[in-house]
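A.B. asks: Here you go, sequence then predicted model.
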Amino acid sequence: MNKTNAFSRRKFLWLSAFGSGSVWFFSSCSGNQRLYLFFTDEESSLVESLSEQIIPPDKWPGAREAGVPEFIDKQLFGPYHRFQDIYRKSLTAIKEICQLEYSGKFEELEWHQQFSFMERMEAGSISWKAWTAKEASDFFALFRDHCMQGYYGSPRHGGNKNYISYRMLGIDYPLIIGQNRYK
Amino acid sequence: MTNRKVNVVIVGAGAGGGVVAKELSLAGLSVVLFERGGWVSYDDHAGDELLSQRTTVLGNSCGPDDVRYRRVLITADGNRRIVLPSESDYHNIAACVGSGTVTYGALAWRFMPEDFRMKTVYGEIPGTTLEDWPISYDDLEPFYEKAEWELGVSGDDSQNPYAPPRKRNYPMPAFIHNREASMLNDAALRLGWHPFSIPMLRNSVPYGGRPACIRMRNCIGFPCPVNAKAGTQNTVIPMALASGNCELRTHCNVSELIVDEYGRITGVLYFDETNRKQKQLADIVVLSASATETPRLLLNSKSRFFSAGIGNENDWVGRNLHAHPYPRAFGLFDHDIYDDFGPGCSVAVCDFNHHNQGIVGGGYLSNSFIRMPYAFTTVRPPGALLWGKEHKEFQRNYYKRMVEIHGPYQEIPNFEQRVEVDENVKDFWGIPAVRLSGKVHEKNLEGCKFMAAKAEEWLREAGAISVWSSPGMANGVGALQHQAGTCRMGNDPKTSVTDKFGRIHSVPNVFVADASLHVTNGGFNPVLTILALGYWVSKYIVNEWNHGNKFKS
């Protein structure tokens, strides 16, 4: 989806927020099932796959199911407003590199291919046009931190859905002894 | 509207300012206490790890905010960068009534007698500004005691042979240990060390009209939901307000001190809660805005009488910024240590505060506060992957099986680590921002390594299956919440900013009452010393005032 579409979609969401509940139902039919404000459809599926590499699913859910992409999306319109540009630039670069190297999308790569791509990004041994190697490793570190915040932070901000990480670590919430309110 | 002139203006309602407000208003002086933030409560952000004062990634829960505040950092490699309050490089202290005493860990240490005469004990160290205090432990002892009783400290010195002499016991019994601290206590005894329960500004039993601690998991970084943690906001500031002589003005930013046509300081200019510029006249001005904001105010008060800022005739305002490197070690265990009995940090040893072979100073070692899940994501052995399957498994397997031992190493200060003001970067009100530069002196490294090795030894004795450590020294400016030293007190006006009563050498009626006064910062959390200095400075002011000194030149 190009930028124009992204804007129209965002405007649509904005309008729908003031409309009836049924509008939400239709908006969720446009490709990706989740609602994002900053990420375009294309970006959001890429972010979901990237986040699953940072915190993969095992016997406990991974980043996607814990709402990590939604957490990041929400913060980019809040305290992380200042990271909007680096996200847009990096996601575009990742998309274009994958197109060039694998003739496909990052989301469609094999797990080990995705993993080695992440490793290259972390090591700063990847660059593309104006996206320098340093920007690649900086973005990786930033994105890693944001994923950890979304997965292990307080559920108040859109991540850690259903207290997934707190349950996984075996700690009660809220934080007062003897008051486990999961049930 | 014009403000009525008062006897005293105090800038900053934190540890120092809260105490001074109480002492002066109860002595009958009229006081206006300024605070840039407002009143905060636990309920504002509950137990939110991401929006607290400990982990600030989504902002400081108790201020300042990212919208109106800025600072400039000069990094160790000389780069200049604008930093926001939610970034650790801002070196923030909470902006609220009570300030750091609302969200701190509440460790209530007295400095040791040696901490006041570091140069005498360790000699001159080239390239540093290590110096003796102009006052001794004995001078401050009655004021430590007053702080312990007026705010309320739980503790017991009987197990600590290195504890400085005291005349009166703590008002409350010491805290009992959780599983982790009990285990470490036993291990330290086996090593021949002297473990004890850390004195805390937190109620172990009901005290001062406030209940006992409920042993929550999150304490440091958060206001206490039941007010068991003592801060100036729930002790001395309410006493000041109840006296009828103290007016607290919240959401007010003091921008500079007023200098009249004769070169006298007559009060302060400030922006009120509606951002209008106002004037408050006073006989006396007391600055207790923190070791970064107090020098900023002095440096921003330039006039033809004070061309480099007030008290800065010899270029010492803002110098000697220092705090504590935190050497630390982590240990992994093969069984659960975590028992959810908070807040952690209760067992310490003072065996390594002084008289370590070949080391200048030292510090205490203790277990740390319970680490929240996000903060735990960066605790990994050297070389471990910080993401992916292995990382998640580690998080799951070791969250309840990791113990951290750390301690504040008494930093050897240097002249070049400093606070300045930056004319090109201003905050929302147009006030030139703080610029931080310099770095922790390399001489500190060997002391940090020594302490980290002791921390490792403690964990191994406790049965850790894997141990690693870090000297915990910043590569660049080290300040954070323990920031100190920027308006050093001393007897010689050429090498200090204030006299031994906190009065700025070159003006009769401006005092400093916060950690800026610290000549050195002890191997301890500094808050009880800041509180004691508040009482010390106040006593001098009240004494002089009652003897007819109106602090005019």
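C.D. replies: Happy to help now that I have it.
A.B. asks: Show me which residues of chain A are close to chain B?
C.D. replies: Within chain A, the positions adjacent to chain B are A:53-56, A:58, A:60, A:75, A:78-79, A:115, A:118, A:122, A:144-145, A:147-149, A:152-154, A:156-157, A:165-166, A:168-177 by CB under 8 Å from any CB of the partner chain. For glycine as for every other residue, the C-beta is placed from the backbone atoms N, C-alpha and C.
A.B. asks: so where is chain B shaky, pLDDT-wise?
C.D. replies: Along chain B, segments meeting pLDDT under 70 span B:1, B:553.
A.B. asks: Which positions within the longest strand seen in it qualify as buried?
C.D. replies: For chain B, the strand that runs over the most residues, judged by DSSP state E, is strand B:277-287. Residues of strand B:277-287 classed as buried under the neighbour-count rule (16 or more other CB atoms under 10 Å in any protein chain shown) are B:Q278, B:Q280, B:L281, B:A282, B:D283, B:I284, B:V285, B:V286, B:L287.
A.B. asks: that older thread, quick one, which of the residues of chain A next to chain B are buried?
C.D. replies: When those are checked for burial by 16+ other CB under 10 Å, the buried set is A:53-56, A:60, A:75, A:79, A:118, A:122, A:144-145, A:147-149, A:152-154, A:157, A:165-166, A:168-169, A:171-173, A:175-176.
A.B. asks: Filter those down to just the ones in helices.
C.D. replies: Judged by DSSP state H, helices contain the following of these: A:53-54, A:75, A:118, A:122, A:144-145, A:147-149, A:152, A:165-166, A:168-169.
A.B. asks: out of the residues you listed, what pair is the most spread apart?
C.D. replies: When CB to CB is used, the two most widely separated members of those are A:E122 and A:Y166, lying 27.2 Å apart.
A.B. asks: Now do the SS call for the residue most central in space within chain A.
C.D. replies: For chain A, the residue lying nearest the average C-alpha position, counting by CA atoms, centre = their mean, turns out to be A:P69 (2.6 Å). The three-state label for A:P69, taken from DSSP: H, G, I helix; E, B strand; the rest coil, comes out as helix.
A.B. asks: Return the residues in contact with it.
C.D. replies: Applying CB atoms under 8 Å, 6 or more residues apart in numbering or on different chains to A:P69 gives the contacts A:R34, A:Y36, A:F39, A:S44, A:V47, A:E48, A:S51, A:A63, A:G150.
A.B. asks: how about the fifth one, secondary structure?
C.D. replies: Reducing the assignment to helix, strand or coil with three-state DSSP, the entry for A:V47 is helix.
A.B. asks: Look up the closest residue to it, ignoring the ones flanking it.
C.D. replies: Nearest in space to A:V47, with sequence neighbours left out and distances taken as CB to CB, 6 or more residues apart in numbering or on different chains, is A:P69 at 4.8 Å.
A.B. asks: quick one: which of the ones in helices among the buried ones among the residues of chain A next to chain B is nearest B:V477?
C.D. replies: Nearest to B:V477 among these, counting by CB to CB, is A:D145 at 21.5 Å.
A.B. asks: what's near enough to touch the closest one?
C.D. replies: Applying CB under 8 Å, 6+ apart, the residues contacting A:D145 are B:V57.
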